[in-house]
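Enquirer: no sequence on this one, just coordinates:
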Ligand code: AHR
């Protein structure tokens, strides 16, 4: 089949904020311990951090990193994670039924962020805790000195403040599984009061209030409206979380997951703008899409859960999804969806980073490797700069059970001065597509790089035995008189750099 794309650089969507390429590190499974931190590993420094993982995180190109959870944060006491290591308590982590040793805490994690070149986005516990502990943590992290907690930070080895400027007000407080789960009314009030108190200490902070844990939550929509009605003036972002998986072999719907993400974003923006309109406010609330990925939750449900009063393992293997080429093509589609909404999605965090539903995997004492999803993220993070630009698409439709008829091609472009990029997902599973991309409005255009993620075996993946089985492949292109021509294989995702 054929498809025609038209890219007019005047059709700008909005500026791409670097925070869009954020990540998420939770104390969960082998994410921290035996993931980023493994003293004794051949590549570990004196600090215990694996340098092979540091290199991969740098290559991935994650900007801000959300920490320390996730569900974990809702029962976490930050004080446990600072001070002399030998005095730190071992604690129960009820969210993942594990033992938290607190050998990596705020200071160590900040040091690791310096190694990987990322910024910290910190979540406060609004599950078992509240306003008092949130402002204490802020005093510890952001006050230069002269008070009990800021001096404690200095005594613990960090003279300069951590200067955390972006804060999550709890995590997934709409979810019954969350420790301290609340109604929208109760949570909205608590979130507003917490943000207000923290702003009294530092009025430059940015706050993310919890939106829905997914668009299929029974309270979706109303949760956002009620929470924002309480917290509109105090917060800057509302969060979205979404995970996708192939269900019952329905690959067509799975490949169209970006359609669902598009609708999710648009509904939350409309709801936030509705609350703003009712209040007569000029302020706009943006989205922090602070958990997104492919995640085989159904497989996780079938795994025997860790349970038992005497069974609290340290760093068990949890949520170690192995991603296929199909998963990565869907994942690339989600990146396109985020970029298509760059005007209102100004922050996002890929959930997660190492070992737990992650683009990077590690073997204790052994190698670290890139999962299939690593490639679209690192390419988009490197190439998608400046502004997002709308792409008009005329392509064959694909029928899906979940989303009806959807275009077989999804695409977005970006532009930063003379550099530009085009990202395309081909959702068709049978035939290649001949793409004609009309770039005549761009003036002189040349292709600087072009690659495609595709495989004859859509289930192909990288793992311990074959860590480099899947990667990006070179993509042939031609440009004549402003018309870019390229053939995309079925079930593929492509990135094209232009100048
Ligand atoms: O990312 C894994 C988990 O998914 C997070 O801890 C939680 O916030 C979400 O339900």
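Expert: Nice, I can see it. Computed from a prediction, not measured in an experiment: that's the story for all the values here.
Enquirer: At which residues are the strands of the stretch 301-450 of the chain located?
Expert: Counting by DSSP state E, counting those that start in this stretch, the stretch 301-450 of the chain has strands at residues 345-351, 360-362, 368-370, 387-394, 397-400, 404-407, 409-416, 419-426, 433-438, 447-453.
Enquirer: Identify, out of those strands, the most deeply packed stretch.
Expert: strand 345-351 (a mean of 27; mean count of other C-beta atoms under 10 Å). For every residue, glycine as well, the C-beta is placed using N, CA and C.
Enquirer: Counting by contacts, list what that one packs against.
Expert: strand 22-24, strand 64-67, strand 237-244, strand 286-294 (3 or more C-beta pairs under 8 Å, 6 or more residues apart in numbering; DSSP states H and E).
Enquirer: Can you name the residues of the stretch 51-200 of the chain that neighbour the ligand?
Expert: 69, 70, 71, 171, 172 (C-beta under 6 Å from any ligand atom).
Enquirer: and residue 277, which of the three is it?
Expert: Secondary structure assignment for residue 277 (DSSP: H, G, I helix; E, B strand; the rest coil): helix.
Enquirer: Let me see the contact set for it.
Expert: By C-beta atoms under 8 Å, 6 or more residues apart in numbering, no residues touch residue 277.
Enquirer: tell me the contacts of the residue of the stretch 1-150 of the chain at minimum distance from the ligand?
Expert: Nearest residue of the stretch 1-150 of the chain to the ligand (C-beta to the nearest ligand atom) works out as residue 70 at 3.0 Å. Contacts for residue 70 (C-beta under 8 Å, 6+ apart) come out as 24, 26, 27, 28, 95, 123, 171, 291, 351, 352.
Enquirer: next one: residue 486
Expert: 435, 437, 450, 475, 476, 477, 478, 494, 496.
Enquirer: Which helix or strand contains it?
Expert: When elements are assigned from DSSP states H and E, residue 486 belongs to strand 483-488.
Enquirer: partner strands of that strand, parallel or antiparallel?
Expert: Strand pairing for strand 483-488, using DSSP bridges, gives strand 433-438 (antiparallel), strand 478-480 (antiparallel).
Enquirer: give me the low-pLDDT residue ranges for the stretch 351-499 of the chain?
Expert: For the stretch 351-499 of the chain, no stretch has pLDDT under 70.
Enquirer: ok, for the closest residue to the ligand within it, nearest residue in space, not its chain neighbours?
Expert: Closest approach between the stretch 351-499 of the chain and the ligand, counting by C-beta to the nearest ligand atom: residue 351, at 4.2 Å. Setting aside the residues directly before and after it, residue 351 is nearest to residue 291 in space (C-beta to C-beta, 6 or more residues apart in numbering), at 3.9 Å.
Enquirer: Surely the one you found touches residue 24?
Expert: Yes - contact criterion C-beta atoms under 8 Å: residue 291 and residue 24 qualify, at 6.4 Å.
Enquirer: Could you pull out the residues contacting both of the two?
Expert: Common neighbours of residue 291 and residue 24 (C-beta under 8 Å, 6+ apart) are 70, 349, 351.
Enquirer: Just the element for residue 263, please.
Expert: helix 257-279.
Enquirer: ranking the contacts of residue 70 by neighbours, who comes first?
Expert: residue 171 (31 neighbours; other C-beta atoms under 10 Å).
Enquirer: give me every residue that touches that residue.
Expert: Contacts of residue 171 (C-beta under 8 Å, 6+ apart): 69, 70, 71, 73, 74, 123, 126, 127, 178, 210.
Enquirer: now, which of those lie within strands?
Expert: residue 123 (DSSP state E).
Enquirer: on that earlier part again, tell me what angle the helix holding residue 263 forms with strand 345-351.
Expert: 140 degrees (axes from the mean of the first three to the mean of the last three C-alpha atoms, to 10 degrees).
Enquirer: relative orientation of helix 257-279 and strand 409-416 in degrees?
Expert: 60 degrees.
Enquirer: Next, the angle from helix 257-279 to strand 237-244.
Expert: 160 degrees.
Enquirer: Buried ones in stretch 129-149, by neighbour count?
Expert: With burial defined by 16 or more other C-beta atoms under 10 Å, the residues of stretch 129-149 counted as buried are 129-131, 133-143, 149.
Enquirer: Repeat that for stretch 313-326.
Expert: Buried, per 16+ other C-beta under 10 Å, within stretch 313-326: 315, 316, 318, 319, 321, 323, 324, 325, 326.
Enquirer: Output those in JSON lines; the columns should cover distance to residue 281 and pLDDT.
Expert: Listed next are the buried residues of stretch 313-326 as JSON lines, based on distance: C-beta to C-beta, whole Å; pLDDT from 0 to 100:
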{"residue": "315", "distance to residue 281": "45", "pLDDT": "96"}
{"residue": "316", "distance to residue 281": "46", "pLDDT": "95"}
{"residue": "318", "distance to residue 281": "42", "pLDDT": "93"}
{"residue": "319", "distance to residue 281": "39", "pLDDT": "93"}
{"residue": "321", "distance to residue 281": "41", "pLDDT": "95"}
{"residue": "323", "distance to residue 281": "41", "pLDDT": "98"}
{"residue": "324", "distance to residue 281": "45", "pLDDT": "98"}
{"residue": "325", "distance to residue 281": "45", "pLDDT": "98"}
{"residue": "326", "distance to residue 281": "43", "pLDDT": "98"}
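Enquirer: Compile those into TSV and extend it with columns for distance to residue 220.
Expert: Converted to TSV, the buried residues of stretch 313-326 look like this (distance: C-beta to C-beta, whole Å):
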residue	distance to residue 220
315	33
316	31
318	26
319	23
321	24
323	27
324	29
325	31
326	27
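Enquirer: Can you tell me which of those is nearest the ligand?
Expert: Distances from the ligand to these, taken by C-beta to the nearest ligand atom, are shortest for residue 319, at 6.5 Å.
Enquirer: Tell me how far the closest residue to residue 266 other than its chain neighbours lies from the ligand.
Expert: Take residue 266 and drop its neighbours on the chain: the residue closest to it by C-beta to C-beta, 6+ apart is residue 341, 7.7 Å away. Separation of residue 341 from the ligand (C-beta to the nearest ligand atom, to the nearest Å) stands at 21 Å.
Enquirer: Does residue 341 touch residue 265 like I think?
Expert: Yes - if you go by C-beta under 8 Å, residue 341 and residue 265 touch, sitting 4.8 Å apart.
Enquirer: any common contacting residues for those two?
Expert: residue 287.
Enquirer: out of those two, which sits in the more crowded spot?
Expert: Ranked by neighbour count (other C-beta under 10 Å), residue 341 and residue 265 place residue 341 first, with 26 against 21.
Enquirer: Now for residue 231: which residues touch it?
Expert: For residue 231, the contacting residues are 169, 188, 191, 192, 195, 209, by C-beta under 8 Å, 6+ apart.
Enquirer: and the gap between it and the ligand?
Expert: Relative to the ligand, and taking C-beta to the nearest ligand atom, residue 231 is found at 19 Å.
Enquirer: out of the buried residues of stretch 129-149, which are inside helices?
Expert: Residues of the buried residues of stretch 129-149 located in helices (DSSP state H): 131, 133, 134, 135, 136, 137, 138, 139, 140, 141, 142, 149.
Enquirer: will you turn those residues into CSV that also has pLDDT?
Expert: Below are those laid out as CSV (pLDDT from 0 to 100):
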residue, pLDDT
131, 98
133, 98
134, 98
135, 98
136, 98
137, 98
138, 98
139, 98
140, 98
141, 98
142, 98
149, 98
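Enquirer: Please produce JSON lines containing these, extended by distance to residue 441.
Expert: Output for these, formatted as JSON lines (distance: C-beta to C-beta, whole Å):
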{"residue": "131", "distance to residue 441": "53"}
{"residue": "133", "distance to residue 441": "54"}
{"residue": "134", "distance to residue 441": "49"}
{"residue": "135", "distance to residue 441": "52"}
{"residue": "136", "distance to residue 441": "55"}
{"residue": "137", "distance to residue 441": "50"}
{"residue": "138", "distance to residue 441": "48"}
{"residue": "139", "distance to residue 441": "53"}
{"residue": "140", "distance to residue 441": "52"}
{"residue": "141", "distance to residue 441": "47"}
{"residue": "142", "distance to residue 441": "46"}
{"residue": "149", "distance to residue 441": "56"}
